[in-house]
Structure formats: structure tokens, C-alpha cells
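S.K.: Have a look; sequence and predicted model below, questions after that.
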Amino acid sequence: MPTPHWLAPVAPAPVDATVSLPGSKSMTNRALVLAALADAPARITRPLRSRDTVLMADALRALGTGIAEDAAGWEVRPGELRGPAHADVGLAGTVMRFLPPVAALASGEVSIDGDPRARERPMGPIITALRALGARIDDGGRGALPFTVHGTGSVNGGQVVIDASGSSQLVSGLLLAAPRFEKGVEVRHEGPPVPSAPHLAMTVHMLRQAGAVVETERNLWRVAPGPLRGGEWAIEPDLSNAAQFLGAALVTGGRVTVRDWPAETTQPGDALRGLLAAMGAEVSHGPDGLTVRGSGAYSGLDADLHEVGELTPVLTAVAALAGSPSRLTGIAHLRGHETDRLAALVTEINGLGGDVRELPDGLEIRPRPLRGGVFRTYDDHRMVMAAAVLGLAVTGIEVENPGTVGKTLPNFTESWASMLAPA
Ligand SMILES: O=C(O)C1=C[C@@H](OP(=O)(O)O)[C@@H](O)[C@H](O)C1
Ligand SMILES: C=C(OP(=O)(O)O)C(=O)O
């Protein structure tokens, strides 16, 4: 259900805040899948509890996994995977790409569907790959959601070629379940470059943490068959969701610290340090976390965001308020995200008087004075975050359906307000 419009607050003064962020969506949903496929129980501490991760937990429960919640996290008890079951993927890329390979391991039918827009997101390559690996899938010839996986309790596995230029998740999904395939898997990508390299590194890293044997070469990933262990998964804060908070320091000429920033991570949000520094931020990492300071003036950004595409909406908003133009490239695949993000950003920012132009693979942003108005969000959490950044400097931005931010960041409007409250 759409929520009432939210008037994005103008920053009354330069921000001066320290924020704690909920856990990473990408790590939480990988941990849930690996825990469900393990041969012993696992504990997931500081998981993200949001629409995307609750959908993943519910889908795994429907297949027979025990997942109990307490204040500290989730206790996962692997069970025999079985249908008949129905899984709702919502609009979660991680659920729609990571779940079908797990469903293929179940015995019985598993029907899978999601939001209307989920039916338009790229799924064909993973359906074709799963069939080549031995799964039976009835998609009515659409190559998209909805479809039914007719599981026999095992998947043969082996070698497969896939074009994953539309989404790195098409590869990650195959790899995460592969230790449980009879022959494991060897996935070779052929086509234009795969986006989101850090997310692929995260998949490989977490598989290895769970005890899987994984080898990688350029555009090739090999996972050996073998058991996955349970144990403990400690989820890092979601660094992509740090973008709007750190961006606020730049936009308002203030200071924001994000607590518990890991010293080493596979999360793409870590790239914010270099990207915001390139725009003129002072960035430091210490015991308190990652601190970004702005001076009040900053420049635009010329960057290839192919590896960190999910940072684009917020960086575009920051860029729209910068002192010079920006050019963000390498992100044609964002047309297949929660919405066509390139079109949505152009339409909504230009609707406020901005000058954003679509490139074949990105955006060109020329800062202009903006005015208030309704900012549509297209069921895209990151459009809400982008609008919040614009609202720091522009009076009267009314954000349509702000509740959609709950895809990855419930309570966002509250944490945004407390960031802006005087210390
Ligand atoms: O594997 C993951 O957790 C993700 C991979 C990326 O997907 P794409 O490669 O489709 O951009 C990213 O944008 C998404 O938010 C999360
Ligand atoms: C692209 C994103 O999500 P999804 O996991 O649904 O692909 C995102 O969070 O920016």
C-alpha cells in the first residue's frame, strides 16, 4: 500500500551527526541462503530486517528451513527442502536470482512470483542456465517471472555459459547453491562486461567462509560440490545505505560519521570513500567509524559506476547540487533495476527544474537551481534516498510513497530526522 507523501526536510544547519546503520541487504540474503543449505544450524547476527530480507527468510521457510528470530538476530536450522510451496520475491533482485537455484534442490513444485515490476527484471539467463544444469522449470516460454520449478531433490550441475551483463546476481545465484549440486558448477560469462564486481567478490568470499571450494578466473567461476558449514554470520552495516548520510555532509558542508565501518569489506559502498573524496570531501577512517566532512562547496564527479551501480541514485542527487557538472557512466544495466533508474532520475530531477540527461550508458548532470514539487519514487527505495538528499537544500520536495524505502531501510525517515536534529 502506498504511504502518504513525505516532505523531505531542509537541513536547518550543516549536519553534525554520528549514525549507526542496519545490516547489509546483500550479506544478509547471502547468509540466509548459505545457512539454509548448510549441514548444521547457523546464527546470523545483526541481520538487516527489511522487506527484501524478510521475503528471503519467508521463502526459505516455505521450502522447509527453520528460521527463528530474537533481538540479536536469526537462528537458521536447515531442513529438507521440499514443495509444494510458493515464494514471493517482491521486487528483490537478490531473492529472485538467489532463490530459484535453491528451489531446484527441493523435491516438489515451487512456484515463484513477485511484484509487477519483478516480472520485467532480467531472469532469462538464469532460467536457461538452471535448465542446462538439470533443473526443470516451467516459465510458459516467457524467460521471466512467474515460473514454477519442478524439483526432484537434486541438481546435476556442471558447466554452463551465461550472459550476465544484465545483472551480477545471475551468476551469484548459481554459485551460492552450487556446493549442493551433484557436480558443483563451472559458470562462464560471455557477453558485455558483468556489473557489480564487488558483489561477485562477496559471493565468493562468503561461499569460502562457509567452507566451499571456489576458484575464479576472468569471467569464470568454479564451485566444487561439498558440504557447507553452519556457525555464525556477523553482518556488516549496509555501506550502500551510508551514501545518503555521508552525502548529507557534503551537501550541507557538515560532518557525518558512520559507525562500525569495516576495515576490509567486499561491499561496494566502500567505494564511497574515494567517490566523495573526488567531489571534495575530507574522508577519514578511525575508531569511531568513517567520517566525511564537507566545506560547503564541492565539485561534480566524473566516474564509471559499473561496479557500484547501486550508489547511482544518491550520487546523482548529490551531483545535482554540486558546483560543477558530473558524468556518471557504465550503468546501462540500471534500466533493469527496481525501475529504469536512468529514466526515473532524469524525469524527477528535471521535474524540479534540474538538467539531467540520459547517456547510452549513464547520466550527465548539470547543476541548476531546483524548486520544490512532487518527486515520484517508482517503488524504488533509492529514489526516496535521492529525494531526501535533494530536500536538504531545496524547500518543498514532496516524496511520493516514502514507505517504499523499507525495501532495504525501514525507519529511514526517522533516522534522517535524527541526523538533522541539533546535537
Ligand atoms: O548481489 C547483490 O547483492 C547485488 C548486486 C547488484 O545487482 P546488479 O549486478 O544487478 O546491479 C546490486 O545492484 C544489488 O543491489 C545487490
Ligand atoms: C538494485 C538494487 O536492488 P536489487 O537487490 O533488488 O537488485 C539496489 O538495492 O539498489
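M.R.: Thanks, I have it. Ligands and ions are numbered 1, 2, ... in the order given.

S.K.: distance between stretch 89-105 and the chain's centre?
M.R.: 14 Å (CA atoms, centre = their mean, to the nearest Å).

S.K.: That one vs ligand 2: in contact?
M.R.: Yes - shown here: stretch 89-105 in contact with ligand 2 (CB under 6 Å from any ligand atom) through 92-94. Every residue, glycine included, has its C-beta placed from N, CA and C.

S.K.: Of the residues you listed, which are in range of ligand 1?
M.R.: 93-94.

S.K.: any residues touching stretch 232-242, and which ones?
M.R.: Stretch 232-242 is contacted from outside by 20-28, 31, 34-35, 42-48, 73, 209, 258-262, 265, 267-270, 272, 290, 310-311, 385, 408-409, using CB atoms under 8 Å, 6 or more residues apart in numbering.

S.K.: Let's see it as CSV, backbone CA atoms only.
M.R.: The C-alpha trace of stretch 232-242 is given here as CSV (Å, rounded to 0.1, in the frame of the first residue of the first chain):
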residue,chain,number,x,y,z
GLU,A,232,28.0,-17.7,12.9
TRP,A,233,27.5,-14.9,10.3
ALA,A,234,28.2,-11.4,11.6
ILE,A,235,26.5,-9.0,9.2
GLU,A,236,28.3,-5.7,8.5
PRO,A,237,26.4,-2.4,8.3
ASP,A,238,25.0,-1.7,4.9
LEU,A,239,27.6,0.6,3.3
SER,A,240,25.5,1.4,0.2
ASN,A,241,22.8,2.8,2.6
ALA,A,242,25.5,5.0,4.0
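
S.K.: any residue of it up close to ligand 1?
M.R.: No - applying CB under 6 Å from any ligand atom, one finds stretch 232-242 separated from ligand 1 by no less than 7.0 Å.

S.K.: Near Glu414, how many other residues are there?
M.R.: 9 (other CB atoms under 10 Å).

S.K.: I'd like the distance between it and Val19.
M.R.: Distance of Glu414 to Val19, given as CB to CB, to the nearest Å: 12 Å.

S.K.: cool, Ala332 as well?
M.R.: Distance from Ala332 to Val19, by CB to CB: 32 Å.

S.K.: Please apply the same query to Leu321.
M.R.: 20 Å.

S.K.: Would you mind naming what in the stretch 301-423 of the chain lies close to ligand 1?
M.R.: Contacts of the stretch 301-423 of the chain with ligand 1, taken as CB under 6 Å from any ligand atom, map to 309-310, 333.

S.K.: CSV for those residues, including neighbour count and distance to ligand 2?
M.R.: As requested, these are exported to CSV (neighbours: other CB atoms under 10 Å; distance: CB to the nearest ligand atom, whole Å):
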residue, neighbour count, distance to ligand 2
Gly309, 24, 7
Glu310, 26, 3
His333, 23, 9
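
S.K.: Around the nearest residue to Gly157 once chain neighbours are set aside, count how many other residues there are.
M.R.: Leaving aside its sequence neighbours, Gly157 sits nearest to Phe181 (CB to CB, 6 or more residues apart in numbering; 2.9 Å). Residues lying near Phe181 (other CB under 10 Å) number 23.

S.K.: Please apply the same query to the one 3 residues further on.
M.R.: Summarising burial for Gly184: neighbours were counted as other CB under 10 Å, giving 20.

S.K.: list the contacts for it?
M.R.: For Gly184, the contact set (CB under 8 Å, 6+ apart) comprises 157, 178, 222-226.

S.K.: re earlier: the residue nearest to Gly157 reaches Asn156, doesn't it?
M.R.: Yes - applying CB atoms under 8 Å as the test, Phe181 and Asn156 come out as touching, 6.8 Å apart.

S.K.: Can you pull the residues that touch both of these two?
M.R.: Jointly contacting Phe181 and Asn156 under the rule CB under 8 Å, 6+ apart are Leu133.

S.K.: Kindly reformat the residues of stretch 89-105 next to ligand 2 as TSV containing distance to Ala277 and neighbour count.
M.R.: Converted to TSV, those look like this (distance: CB to CB, whole Å; neighbours: other CB atoms under 10 Å):
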residue	distance to Ala277	neighbour count
Ala92	31	29
Gly93	29	28
Thr94	29	24
